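Engineer: Got a sequence here, can you model it:
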Amino acid sequence: MVSFGGVISQDQPSILSLMKNPDIFFDWLLPLAAVFALARILTDIFGS
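Structural biologist: Numbers count the residues shown, from 1 in each chain. Prediction:
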């Protein structure tokens, strides 16, 4: 989530760029969701 501001806000504010280019939303949302899902699976496996 830290890289979100750095990646999108460099040329314009994040919300404005999301409104103008919704593809950016999926470009960071899908990998982010995959990372969180993987982290959740790993914590379930190694945590218990």
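
Engineer: Please enumerate the helices of the chain.
Structural biologist: Along the chain, counting by DSSP state H, helices occupy 2-8, 14-20, 22-47.

Engineer: weakest of these by average pLDDT?
Structural biologist: Among the helices of the chain, helix 2-8 carries the lowest mean pLDDT, at a mean of 49.

Engineer: that older thread, adding mean neighbour count, write the helices of the chain out as a markdown table.
Structural biologist: The C-beta positions use only the backbone N, C-alpha and C, and glycine is treated the same way. Below are the helices of the chain laid out as a markdown table (neighbours: other CB atoms under 10 Å):
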| stretch | mean neighbour count |
| --- | --- |
| helix 2-8 | 11 |
| helix 14-20 | 13 |
| helix 22-47 | 11 |
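
Engineer: and stretch 31-42, C-alpha only, in PDB?
Structural biologist: Only the C-alpha atoms of stretch 31-42 are listed here, as PDB (Å, rounded to 0.1, in the frame of the first residue of the first chain):
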ATOM      1  CA  PRO A  31      -1.500  -7.500  -7.900                       C
ATOM      2  CA  LEU A  32      -2.200  -6.000  -4.500                       C
ATOM      3  CA  ALA A  33      -5.100  -8.400  -4.000                       C
ATOM      4  CA  ALA A  34      -3.000 -11.300  -5.100                       C
ATOM      5  CA  VAL A  35      -0.200 -10.300  -2.700                       C
ATOM      6  CA  PHE A  36      -2.700 -10.100   0.200                       C
ATOM      7  CA  ALA A  37      -4.200 -13.400  -0.700                       C
ATOM      8  CA  LEU A  38      -0.800 -15.100  -0.800                       C
ATOM      9  CA  ALA A  39       0.200 -13.500   2.500                       C
ATOM     10  CA  ARG A  40      -3.100 -14.800   4.000                       C
ATOM     11  CA  ILE A  41      -2.500 -18.300   2.800                       C
ATOM     12  CA  LEU A  42       1.100 -18.300   4.000                       C
END
